[in-house]
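Undergrad: Quick one: sequence plus predicted model below, questions after.
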Amino acid sequence: MRVTTSLIYDKGIGAIQDQQSKLLQLQQQVATGRKAVTPADDPISTARALEVSGSKKLNEQFQTNQGYAKDALGLVENKLDGVKNLITYIREQAVAAGNATYSQSERDSVATDLRSRFDALLAIANSQDGTGEYVFSGFKGDTQPFSGSLAGVTYNGDQGERTLQVSASRILPVSNSGDEVFMKVPGSSNSLFGVISSLITDLENPAANMPNAVSTALTDLDSSLDNVLRVQASIGSRVNEVEALETISADLDTQYAQTISRLEDVDYAEAISDLTLEQTFLQAAQQSFLRVANLSLFNFLN
């Protein structure tokens, strides 16, 4: 093969350009902190990083939903604590009023007190969350679930349970309908409101058979309390599930972040070392080219 001056020049320039290209890529990596400055630099790692980033964003949405779920369940649990306390208080008053030594005026005082407790219970049943949705109306969040008075209370919601997707495979109920909590007393045809209303009516009626009235009220109140405790236990179980999922999601988030970093982030120590080395190679190529370029036939003849 004939080696011409033109060939020497072309090869020398080509070697310098190759070194400059490598140096530029390393400079861009150090400047951006990324291994692949463009997808074309490493298509496989770029595609994998995009896939993992998508999984990370989905996991972050699940984490957001888990927070919403805990808030919603915590609110329901708080309201049910209020219901439980009211039932316990009303039960205590019923026991006291059933005492044969109580006068009618004392029973009237208890009845007056229980009227205010009835109103407090109705207020809890019509509670709203921070967004203005009614807690116990089922799917009908914008509908006040309960209306009425001592004469009778009507449930205007439905039996639906609101849900949130808290993981890829779990859609969690985050509410309980007011029908389940307030309108259904196991073993009785009465609602919780009806039980309290009947007790108040009996207390205000001098002719009422007080022992029987109190006994019936206590049975129904105990059933109502058991029902509330059952719902609370269900909520507690769901809260525990969410907390377990929060731990799993936090671990996943860390794993995703580490994987993305491994695929995308440049190792600065290695990159700077390579940059210094490539600068040396470029300088050597430039100096070598200059020396060879000066070794032409005319220079020799001179």
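TA: Noted; the coordinates are in hand.
Undergrad: contacts and neighbour counts: CA atoms only from here.
TA: OK.
Undergrad: Show me how the chain divides into domains.
TA: 5-33+267-301, 56-259 (automatic domain parsing).
Undergrad: for the ones you listed, which one ends up most surrounded?
TA: Neighbour counts (mean count of other C-alpha atoms under 10 Å) averaged over each of the domains of the chain peak at domain 56-259, with a mean of 18.
Undergrad: how about the domains of the chain in a markdown table, adding mean pLDDT and distance to Ile44?
TA: As requested, the domains of the chain are arranged in a markdown table below (pLDDT from 0 to 100; distance: least, C-alpha to C-alpha, whole Å):
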| stretch | mean pLDDT | distance to Ile44 |
| --- | --- | --- |
| domain 5-33+267-301 | 59 | 17 |
| domain 56-259 | 94 | 14 |
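Undergrad: Dump the ones you listed to a markdown table, plus distance to Thr46.
TA: Formatted as a markdown table, those follow (distance: least, C-alpha to C-alpha, whole Å):
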| stretch | distance to Thr46 |
| --- | --- |
| domain 5-33+267-301 | 14 |
| domain 56-259 | 12 |
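Undergrad: Among the ones you listed, which comes closest to Leu50?
TA: domain 56-259 (9.8 Å; C-alpha to C-alpha).
Undergrad: what's the first-to-last distance across that closest one?
TA: Start-to-end span of domain 56-259 (C-alpha to C-alpha, to the nearest Å) is 10 Å.
Undergrad: gap between the nearest residue in space to Ala111 that is not next to it in sequence and Ser175?
TA: Of all residues not flanking Ala111 in the chain, Ile200 sits nearest, at 5.1 Å (C-alpha to C-alpha, 6 or more residues apart in numbering). For Ile200, the distance to Ser175 equals 30 Å [C-alpha to C-alpha].
Undergrad: go on, Arg230?
TA: Applying C-alpha to C-alpha to Arg230 and Ser175 gives a distance of 14 Å.
Undergrad: Ser189 should be in a strand, yeah?
TA: No. Counting by DSSP: H, G, I helix; E, B strand; the rest coil, Ser189 is not part of a strand but coil.
Undergrad: Which residues are in contact with it?
TA: For Ser189, the contact set (C-alpha atoms under 8 Å, 6 or more residues apart in numbering) is empty.
Undergrad: do the same with Leu164
TA: Taking C-alpha under 8 Å, 6+ apart, we find Leu164 in contact with 65-66, 69, 171-174.
Undergrad: Nearest to Leu80 among those?
TA: Looking across the contacts of Leu164 and measuring by C-alpha to C-alpha, the closest to Leu80 is Val174, at 13.7 Å.
Undergrad: Looks like the closest one contacts Val166 (just checking).
TA: No. Using C-alpha atoms under 8 Å, Val174 is not in contact with Val166, being 10.5 Å away.
Undergrad: for Ala97, what are its contacts?
TA: 106-107, 110, 203, 214.
Undergrad: let's see 7 Å
TA: By C-alpha atoms under 7 Å, 6 or more residues apart in numbering, Ala97 lies in contact with Arg107.
Undergrad: ok, it to Asn190 distance?
TA: 21 Å.
Undergrad: same deal with Glu106?
TA: Distance, Glu106 to Asn190, by C-alpha to C-alpha: 26 Å.
Undergrad: ok, which stretches of the stretch 51-200 of the chain are strands?
TA: In the stretch 51-200 of the chain, the strands defined using DSSP state E, counting those that start in this stretch lie at 146-149, 152-155, 163-167, 170-173.
Undergrad: Out of those, the one nearest Val195 is which?
TA: Between Val195 and the strands of the stretch 51-200 of the chain, the shortest gap by C-alpha to C-alpha is with strand 152-155, which sits at 10.7 Å.
Undergrad: Need the contact partners of the closest one.
TA: Residues contacting strand 152-155 (C-alpha under 7 Å, 6+ apart): 145-148, 179, 193.
Undergrad: now do 10 Å
TA: 122, 125, 136-137, 144-148, 177-179, 182-183, 191-194, 197 (C-alpha atoms under 10 Å, 6 or more residues apart in numbering).
Undergrad: Val239 touches Val76, doesn't it?
TA: No. Look at Val239 against Val76 with C-alpha atoms under 10 Å: they stay out of range, at 11.2 Å.
Undergrad: list residues touching both of the two?
TA: 70, 174.
Undergrad: Distance to Gly130 added to the strands of the stretch 51-200 of the chain, as TSV?
TA: Shown next, in TSV, are the strands of the stretch 51-200 of the chain (distance: least, C-alpha to C-alpha, whole Å):
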stretch	distance to Gly130
strand 146-149	19
strand 152-155	22
strand 163-167	17
strand 170-173	18
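Undergrad: The contacts of strand 152-155 in helices, which ones?
TA: Counting by DSSP state H, the contacts of strand 152-155 place 122, 125, 178, 192-194, 197 in helices.
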